[in-house]
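Colleague: Take a look and give me a structure for this.
(2 chains)
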Amino acid sequence: MYTNSSKNWGKFFATLLLLALLTISLSETEPALAASCGGSPCFRGYAQNYSNYGSQAVIGTPNSFTNPNCALSFELVNSRAADPFVQTGWGTHGCGPLVLFWESQNGARAIPYNNGFRDDIVVIGDNSYANELNNAGEWCHGFNGDPCFMKEYNSSINLYNPTTISEYGETSDTTAQMGGPSGNQAIYLSAFRYKPNINSTYSNWGYVQTAGNSYGSCSNPCPYGLGYAFSASNLYIYNYGRGS
Amino acid sequence: MQQNHKIATVVVFLCTITVGIILIIVVASWVASTTPTNSGNSALQQAAAQSAVLPTIVPTIATEVPTLIVTKPTEVAGELIALPTNLTVSGLVKIKRTLSLPRLNQEQAMRAVRSPYAMGGIIKGQKIYITATFGLVTHGELGKDGKTWAGYQNIQLLNCSSPAPKDCKPNGKVLDHIEDRPMWVLDYKNLPSGGAGSPNNPPPVYNHTVYVVDDETGVNIFSWGYSEP
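Modeller: Numbers count the residues shown, from 1 in each chain, chains lettered A, B, ... in the order given. Here you go, the predicted model:
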């Protein structure tokens, strides 16, 4: 009797296990749909550990699909040591076009950060963006050969010798592209350079030779792609969108 | 027999635990599916719903009369205009009173703003309110050495036949920096702006965008965002 009862209990137990596995597998399908930024911006890019006094990158500007829901989107080159950072690139705001953008943060994480948009410089095509500390203790944000369209005193940033440079894209809304014009069409960030010494002239800035580590935060699965390639010893990183 | 009894007892015990686990999973799944969140499907559905409600971003003229702050005869030229601290501080901007009248009127200044909502409108169900201030604008500050200037540098002035960049050409003048220059400061409440921040500390989407329009050239030179508490 107990033997038969044991067999029945065994079958019941096996059925319950099956149900449990089914329930778990169904609940696992939820994250596949949870592709948003979770209320915070999505960041995607690469970071390289180089002792530096500045960073530079050429950042493309395709006809980006960046303004659905008036999303805030950015592509930036950044020098930082944890959270004190300086960065320069392009950004959108006020539902308007892509314009020149700069930002700095002194580590206190006070919101809002020092930042601003230069609406008189609407960016089109490939452009060069830079951050540079000089021996007078001034951080300059540069654009297309103008080494200092915006100057800040390092005393207010407290970032003397950054340990890392990074290049990345960002958006506040996943209905927008990270930067490329459409799904699977990448936006390229290339010619990464870093200022190795405080007195280095631009011709002596180093070229980044490794892709580094993935930088940023994007829910898993992230709707944005990320990759890198080399062409004539020039590192390209790229991020691309979710489709429009 | 006794051994079978033990086996049956163990099986019953395991079944009880399994049923408990299944119940916990089912209840947790139900709670998760009924709790509103800012992530995942909810955010996507919310965004889709918002875009469905607001299919267009064509601006309309604000029905509210924007506030215009100009210097009255009883006020002293050169005084700082008292504005919300988070407005001026986050933009590194100071605005002084002037007795000079602007070349542009307020509507002309607003039309120069590089946003489809330059003239106001409704965005995501919220009306945009515009506060306009004309005065002498300074961006940044003089360094302790009395020589260097922190702030925007080398500003190439443009002549634009419209706000579109393709219609702008350099007019040959370059500002070393922006100090006591006649400008319009246009504060758009409910127009989203923001900083990029970092993954460690991403900033919120600010609920104000502030545009600065040069009175001499009629060009929107710079802007920034801040949040009203």
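Colleague: Show me what counts as buried in stretch A:225-241.
Modeller: Within stretch A:225-241, the residues that count as buried by 16 or more other Cβ atoms under 10 Å in any protein chain shown are A:225-226, A:228, A:235-241. No exception for glycine: its C-beta is placed from N, CA and C like everyone else's.
Colleague: is chain B contacted by that stretch?
Modeller: No. On the criterion Cβ under 8 Å from any Cβ of the partner chain, stretch A:225-241 is out of touch with chain B, staying 13.6 Å away.
Colleague: Alpha carbons of that stretch, as PDB, please.
Modeller: The C-alpha trace of stretch A:225-241 is given here as PDB (Å, rounded to 0.1, in the frame of the first residue of the first chain):
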ATOM      1  CA  GLY A 225      24.600  47.900 -29.800                       C
ATOM      2  CA  LEU A 226      28.200  48.700 -29.100                       C
ATOM      3  CA  GLY A 227      31.500  47.700 -30.800                       C
ATOM      4  CA  TYR A 228      34.900  48.800 -32.000                       C
ATOM      5  CA  ALA A 229      37.200  48.400 -35.000                       C
ATOM      6  CA  PHE A 230      40.600  49.500 -36.100                       C
ATOM      7  CA  SER A 231      41.400  51.200 -39.400                       C
ATOM      8  CA  ALA A 232      44.900  52.300 -40.200                       C
ATOM      9  CA  SER A 233      45.700  52.100 -36.500                       C
ATOM     10  CA  ASN A 234      42.900  54.400 -35.700                       C
ATOM     11  CA  LEU A 235      40.400  53.000 -33.200                       C
ATOM     12  CA  TYR A 236      36.800  53.500 -33.900                       C
ATOM     13  CA  ILE A 237      34.100  52.800 -31.400                       C
ATOM     14  CA  TYR A 238      30.500  52.800 -32.400                       C
ATOM     15  CA  ASN A 239      27.100  52.600 -30.900                       C
ATOM     16  CA  TYR A 240      24.000  52.100 -32.800                       C
ATOM     17  CA  GLY A 241      20.300  52.300 -32.200                       C
END
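Colleague: Contacts for it next, please.
Modeller: Outside stretch A:225-241, the residues within contact range by Cβ atoms under 8 Å, 6 or more residues apart in numbering or on different chains are A:44-46, A:65, A:167-169, A:176-192, A:207-211, A:214, A:223-224.
Colleague: cutoff 7 Å now
Modeller: Stretch A:225-241 has contacts (Cβ atoms under 7 Å, 6 or more residues apart in numbering or on different chains) with A:44-46, A:65, A:167, A:169, A:177-180, A:182-192, A:208-209, A:211, A:214, A:224.
Colleague: which of these count as buried?
Modeller: Here, 16+ other Cβ under 10 Å leaves A:44-46, A:65, A:167, A:169, A:177-180, A:185-192, A:208, A:211, A:224 buried among the contacts of stretch A:225-241.
Colleague: just to revisit the earlier point, how about the buried residues of stretch A:225-241, which pair is most distant?
Modeller: Pairwise distances across the buried residues of stretch A:225-241 peak at 21.2 Å for A:Leu235 and A:Gly241 (criterion: Cβ to Cβ).
Colleague: rewinding a little: so which of the buried ones among the contacts of stretch A:225-241 also contact chain B?
Modeller: Applying Cβ under 7 Å from any Cβ of the partner chain, the subset of these adjacent to chain B is empty.
Colleague: could you dump whichever strand or helix holds B:Phe222 to CSV, C-alpha only?
Modeller: Here B:Phe222 is covered by strand B:220-226, with elements defined by DSSP states H and E. The C-alpha coordinates for strand B:220-226 follow below in CSV (Å, rounded to 0.1, in the frame of the first residue of the first chain):
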residue,chain,number,x,y,z
ASN,B,220,20.4,82.3,-29.8
ILE,B,221,23.9,81.9,-28.4
PHE,B,222,23.7,79.6,-25.5
SER,B,223,21.3,77.8,-23.1
TRP,B,224,21.1,75.5,-20.1
GLY,B,225,18.6,73.7,-18.0
TYR,B,226,17.6,73.6,-14.4
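Colleague: Which other helices and strands does it contact?
Modeller: Counting contacts by 3 or more Cβ pairs under 7 Å, 6 or more residues apart in numbering or on different chains; DSSP states H and E, strand B:220-226 is packed against strand A:114-122, helix B:85-90, strand B:206-214.
Colleague: and with 8 Å instead?
Modeller: Under the contact definition 3 or more Cβ pairs under 8 Å, 6 or more residues apart in numbering or on different chains; DSSP states H and E, strand B:220-226 sits against strand A:114-122, helix B:85-90, strand B:149-160, strand B:181-193, strand B:206-214.
Colleague: Out of the ones you listed, which gets nearest to B:Pro102?
Modeller: When the helices and strands packed on strand B:220-226 are compared by Cβ to Cβ, strand B:181-193 sits nearest B:Pro102, at 6.6 Å.
Colleague: ok, that closest one: who's next to it in the sheet?
Modeller: strand B:129-139 (antiparallel), strand B:206-214 (antiparallel) (DSSP bridges).
Colleague: Now do the longest one and strand B:149-160, the angle between them.
Modeller: Using axes from the mean of the first three to the mean of the last three Cα atoms, to 10 degrees, the inter-axis angle of strand B:129-139 relative to strand B:149-160 is 120 degrees.
Colleague: try the shortest one
Modeller: Relative orientation of strand B:206-214 with respect to strand B:149-160: 70 degrees, computed using the same axes, to 10 degrees.
Colleague: Can I get strand B:206-214 in CSV? Just the C-alpha atoms.
Modeller: Output of strand B:206-214 as CSV, limited to C-alpha atoms (Å, rounded to 0.1, in the frame of the first residue of the first chain):
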residue,chain,number,x,y,z
TYR,B,206,15.3,69.3,-15.9
ASN,B,207,11.9,71.0,-16.2
HIS,B,208,13.2,74.4,-17.3
THR,B,209,15.2,75.3,-20.4
VAL,B,210,16.8,78.8,-20.5
TYR,B,211,17.8,80.3,-23.8
VAL,B,212,19.9,83.5,-24.2
VAL,B,213,19.5,85.6,-27.3
ASP,B,214,21.9,88.3,-28.3
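Colleague: And that strand, what's buried?
Modeller: For strand B:206-214, by 16+ other Cβ under 10 Å, it's B:206-214.
Colleague: Now find how far off-centre the strand or helix carrying A:Ser214 is within its chain.
Modeller: In this structure, A:Ser214 is located in strand A:213-215 according to DSSP H and E. On the basis of Cα atoms, centre = their mean, to the nearest Å, strand A:213-215 sits 9 Å off its chain's mean C-alpha point.
Colleague: contacts for it?
Modeller: With Cβ under 8 Å, 6+ apart, strand A:213-215 has contacts from A:43-48, A:166, A:168, A:226, B:199.
Colleague: Could you export those residues as JSON lines, including secondary structure?
Modeller: Below are the contacts of strand A:213-215 laid out as JSON lines (DSSP: H, G, I helix; E, B strand; the rest coil):
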{"residue": "A:Phe43", "secondary structure": "strand"}
{"residue": "A:Arg44", "secondary structure": "strand"}
{"residue": "A:Gly45", "secondary structure": "strand"}
{"residue": "A:Tyr46", "secondary structure": "strand"}
{"residue": "A:Ala47", "secondary structure": "strand"}
{"residue": "A:Gln48", "secondary structure": "strand"}
{"residue": "A:Ser166", "secondary structure": "strand"}
{"residue": "A:Tyr168", "secondary structure": "strand"}
{"residue": "A:Leu226", "secondary structure": "strand"}
{"residue": "B:Pro199", "secondary structure": "coil"}
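Colleague: Since that was my last question, I'll sign off now.
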